[in-house]
Structure formats: C-alpha cells, structure tokens
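J.: How does the following fold in three dimensions:
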Amino acid sequence: MMRFLTAILALVMLAACGAGASNSAFQPTSLGRSGTSGSTPIQHIVVIVQENRSFNNLFATFPGVTGTTTGWEKVIVNSQSVRKKIKLRKVHLGDETDLNHLYKSFLTAYDGGKMDGFNQIIFQVNGKPEGKLPYEYVNPADVTPYWTMAGDYSIANAMFQTQGSGSFTAHQDLIRGGTELSSTESLIDDPTSPEVWGCDSPAGTKTDLITTSLHYEQDKGKEPCTTDFPNPSYYKTLQDLLDAKSVTWKYYTPPLVKKMPGALWNAFDVIAAVRHGSEWGTNVSWPQTNIFTDITSGTLPAVSWVIPDGMESDHPGYSPDKGPSWVASIVNAIGQSSYWDSSAILVVWDDWGGFYDSVAPPSPDQQGGPGFRVPMISISPYTAYNGSGKSPYISNTVYGFGSIVRFIEDTFNLGRLGTTDGTSNSIDDMFNFSQTPRSFTVIPSKYSRSYFLHQKPSGLPVDTE
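T.: Sure, this is the predicted structure:
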C-alpha cells in the first residue's frame, strides 16, 4: 500500500507539472487519420482484451486524465425533463452489477451527445430503469496493477469503441476494425442463440443489423458465421493480411464450452475459414495460459490476442480481484523475457459495460458508432515519455479499435482491410522508437503467474452481452 500511495503522489505531482490532460472535460471531434507504415523496433504486438468497463469506471481519479466523480442524469421536475448532477459511488471491482450495454442503451445514455441518460437505461433483469447503478467508479486500490502500468507507461485518454454495443461486435472490431457486411449494413449487438456464438451456433441463429441510415433491424441478419454472410470474401480480418505476408499470429482463448451463453468469446469462431480450417487449435490456441508457454519456449508470435477466462476478465459480478493480476502476469512474463526489447503490449477493454462516462464520442458514423470511451494502456520499452521526460504519457489523440488494427498493419506492412483501419488515427504517437529502450520493472500483483497456470477453466462466459 505504501508503494501505491507513493506512486499516486508522484502521479499527482507530474499532473501538476502539465503531464497529459486536465480533469476538465474535452470534446473530441473526429477519429481523423495519421500514422504510416515503416520500420520500427517492434516485432511483437500483444493485445490483452478485458471486459465491460468504461474509461471513467476504472480511471475516474487517475491524475491528468479526463475523469470525474460526478455525472449527469435526466430526471423529471415539475413535469419538465431536466439534467441533474449526481455523485458517483466508489465501489469495489467485484461489487458492480452486469448492466445493459447494447445499442439501444447506448443511444439512451448518449442522449444526442448530452451524456445524461444513463439512469434511464432499462435493466434487462426486471425491465425497470437502472437509475443510479451506472454511476459508479472502482476504488483505485482494487486496480493497482492497472494504475501502475498506466503510471509507468502510457494511457489513452480518448479511446472509443467502434460501435455503441456489446462484446460480440467489439471482439470482431478488434480483429478487423468493423462489422460491415456490405456497404449498407453492419452487425450489431448479439446473436439470438442461447448457446455458443459464431459458426458453432445452432441452425436458425440470427444476428442484428444496423443500416447506413442507422435503422436498427433486430434478428434480421444471417447466422453469425461468415459462410452465411452476403459476401464472405468481403469480411476479411487481420488473419487474411497476416497470413498473406507470412506474419505469425495467435489468438489465445479459453476452451470452447458449449451450451453456455457467450462461453467462448472467440472472435475467430465467426470466421469459417479459421473455425473449420487448420488454424483452429493452432493459431487459435487454448487454454489462454498457453501464452506463458510460448513466451518461455521462445515461440511467441508476431501478433497475439489474449482473451481471459471469465473469472479474470473484470466482468461485473464475477471474481472481485483477479483481472488486474491476470494482466500483470502476462506483462511481467513478457517484461522479464527476451521479448521485452521488441514488444508492444496493449491492454484494452472491449466495451463500456453500461457504466457512466462523461466524454461524448466523436460525431456519429453510419455503423452505430463510435461508442463510449474505454480504457487502453500501452506498455513497451518504446512507450513515449511526457513533455518533462517522465511517465506517464497521456495521449489525447482520438482512437477507435481501428487504431489498434492500423498499428498492427503499419508495423508489419500488411496493407489495409478497408474498415475503420483507414479512417482511425494510429496509436503510434504513444511510442518513441528513437528513444533508448526502457528497462522493465515488475508490476506487483496479488496473484502470480503460477496461480493462473494451475487454475481450472471456469466455463463462465467472458460476457453475456
């Protein structure tokens, strides 16, 4: 705890010296474009995907970012709709409820950019307004490893989901930058099946669509497998680009557990060529702890995605404290290996989870986004320093999940998929490839790598929305 308090004091002092943004709100205007292909020291990119947290939910009081402990709700006073300030509750990581975070709830909370409708989201459990439930932020002491990583390296102050939706499409966005099925419609929200998603779904499973006129079509889409999409060859992912350039990749994921809602939040289960091809069980690797084996054996691929077990996912209502240690164990494994000097580790949360955030997304696009802010931390020996030459570096550049895709494409000269990878800023401004590589310092955490290696799979869904 003393180390934690000392670190926070240092961060406060750095913020006072002008590191990053102030805690006052800012308004992003567009995703923009930047970044070009080129040679860098990075030979390994590891994307660690966690679940269901808005930026403000985890970093409301982190020095220098745009965070807040108060929010706005919309209430009726004397028959008039008015905005009312509300104090956010500080809660433990495991205390929070699994809230509604699908497209309709996003629109309700967004309220045309006013960001005051979170209290009016309808709770799926009882059909009543969620009220004060979305207005919470996590006690920093519960997420000390995340704060340590952000404080030692870099945090994105303006990373937005590709769509205002839940995990099904968010995980697709992290492998391709969007869910467009054609020039006129995109996937959104969840498939209808109560079983496993993707090509393992039972016959008759339907998806939801959103058109370029932002018309929502519930259960009007095809089955969630590319063989059933209108034009399967159109729906390319980074797998296509990586394989074409013989760049190695793996998607580390929990084992498939059928008859469980969302039990395998595996984005490549939607991609028929992978699910029914030789890369299933090889490039798509389970259990997720195989990443430790590959680091130790010297076989870490150039590009990795790491999907957690439900108990380690930060999903509200699951384990109260294992997520931060899970992420720290992966970062520590890479940091203490020969891969450190050539790696970029990105920790990102897939969707907003229904929790309050004060910053409205950039101007709406035609695919139901951008969605709300989510956290992203960049850890690398080449993570940029702030203007005073110290940590943390707080990036105010507006990012989307296409920014991560773009960074991967540019690092390995893959070309473009033609989704939001071509319209989003790269995250390359979070790095300084000409600086002397930083040495690695172990991230303290409650649970060790050994704990996760010996833990049995929970079978819990990483998410159910």
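J.: Tell me how far stretch 66-76 lies from the chain's centre.
T.: Its chain's average C-alpha position is 23 Å from that of stretch 66-76, according to Cα atoms, centre = their mean, to the nearest Å.
J.: typed the wrong thing, it's stretch 348-357
T.: The answer for stretch 348-357 is 8 Å, by Cα atoms, centre = their mean.
J.: Now do it, average pLDDT.
T.: When pLDDT is averaged over stretch 348-357, the result is 97.
J.: Could you do stretch 79-93 as well?
T.: 93.
J.: next one: stretch 433-444
T.: Stretch 433-444 carries an average pLDDT of 96.
J.: same question, stretch 103-113
T.: Across stretch 103-113, pLDDT averages out at 96.
J.: can you give me the helices in the stretch 151-300 of the chain?
T.: 167-176, 238-244, 272-275, 290-297 (DSSP state H, counting those that start in this stretch).
J.: Mean neighbour count, the ones you listed: which tops it?
T.: Highest mean neighbour count of the helices of the stretch 151-300 of the chain: helix 167-176, a mean of 27 (counted as mean count of other Cβ atoms under 10 Å). To be clear about C-beta, it is placed using only N, CA and C from the backbone, and glycine gets the same treatment.
J.: Hmm, G71 and A60 touching each other?
T.: No - between A60 and G71 there is no contact under Cβ atoms under 8 Å: 9.8 Å.
J.: which residues are in contact with both of those two?
T.: L88 (Cβ atoms under 8 Å, 6 or more residues apart in numbering).
J.: Quickly note the distance from S403 to E180.
T.: Separation of S403 from E180 (Cβ to Cβ, to the nearest Å): 17 Å.
J.: Of these two, which one has the most company?
T.: S403 (32 against 20; other Cβ atoms under 10 Å).
J.: What angle do helix 167-176 and the helix or strand encompassing the more buried one make with each other?
T.: Per DSSP states H and E: S403 is located in helix 401-411. Angle between the axes of helix 401-411 and helix 167-176 is 20 degrees (criterion: axes from the mean of the first three to the mean of the last three Cα atoms, to 10 degrees).
J.: Other residues contacting helix 401-411?
T.: By Cβ under 8 Å, 6+ apart, helix 401-411 touches 31, 35-38, 40, 42, 45, 47, 159, 161-162, 170, 173-178, 238, 241, 303, 344, 346, 348, 376, 414-417, 419-428.
J.: Of those, grab the buried ones for ChimeraX.
T.: Burial among the contacts of helix 401-411 is assessed by 16 or more other Cβ atoms under 10 Å; the matching ChimeraX selection reads:
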select :31,35,40,42,45,47,159,161,162,170,173,174,175,176,177,178,238,241,303,344,346,348,376,414,417,419,420,421,423,424,425,426,427,428
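J.: Which members of the contacts of helix 401-411 are positioned in helices?
T.: Counting by DSSP state H, the contacts of helix 401-411 place A170, D173, L174, I175, R176, L238, L241 in helices.
J.: wait, what's in contact with the fourth one?
T.: For I175, the contact set (Cβ under 8 Å, 6+ apart) comprises T237, L238, Q239, Y251, A267, F268, W305, V405.
J.: In terms of distance to Y153, which of those ranks first?
T.: W305 (19.6 Å; Cβ to Cβ).
J.: State whether the closest one is indeed within a strand.
T.: Yes - checked against DSSP: H, G, I helix; E, B strand; the rest coil, W305 lies within a strand.
J.: How much space separates it from N283?
T.: Counting by Cβ to Cβ - W305 and N283 are separated by 10 Å.
J.: joint contacts of the two?
T.: The contact lists of W305 and N283 share K250, Y251, where a contact means Cβ under 8 Å, 6+ apart.
J.: Counting neighbours around each, name which of the two comes out higher.
T.: The residue with more neighbours, out of W305 and N283, is W305; 26 against 18, by other Cβ under 10 Å.
J.: partner residues bridging the more buried one?
T.: Beta-bridge pairing of W305, defined through DSSP bridges, involves V47, Y251.
J.: Against N119, how distant is it?
T.: For W305, the distance to N119 equals 35 Å [Cβ to Cβ].
J.: ok, now D219?
T.: 28 Å.
J.: swap in S39?
T.: 50 Å.
J.: for L174, same thing?
T.: 30 Å.
J.: Any stretches of this protein with poor pLDDT?
T.: 1-38, 194-195, 258-264, 319, 460-465 (pLDDT under 70).
J.: higher neighbour count, S39 and N119?
T.: N119 (22 against 8).
J.: Was I right to think the more buried one contacts Y135?
T.: Yes - under the criterion of Cβ under 8 Å, N119 makes contact with Y135 at 7.4 Å.
J.: what residues are shared contacts of those two?
T.: Listed as contacting both N119 and Y135 by Cβ under 8 Å, 6+ apart are E73, I86.
J.: I'd like the helices of the stretch 151-300 of the chain laid out as JSON lines, including distance to Q336.
T.: Listed next are the helices of the stretch 151-300 of the chain as JSON lines, based on distance: least, Cβ to Cβ, whole Å:
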{"stretch": "helix 167-176", "distance to Q336": "26"}
{"stretch": "helix 238-244", "distance to Q336": "27"}
{"stretch": "helix 272-275", "distance to Q336": "31"}
{"stretch": "helix 290-297", "distance to Q336": "9"}
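J.: To V91, which of those lies closest?
T.: Of all the helices of the stretch 151-300 of the chain, helix 167-176 comes closest under Cβ to Cβ, at 21.3 Å.
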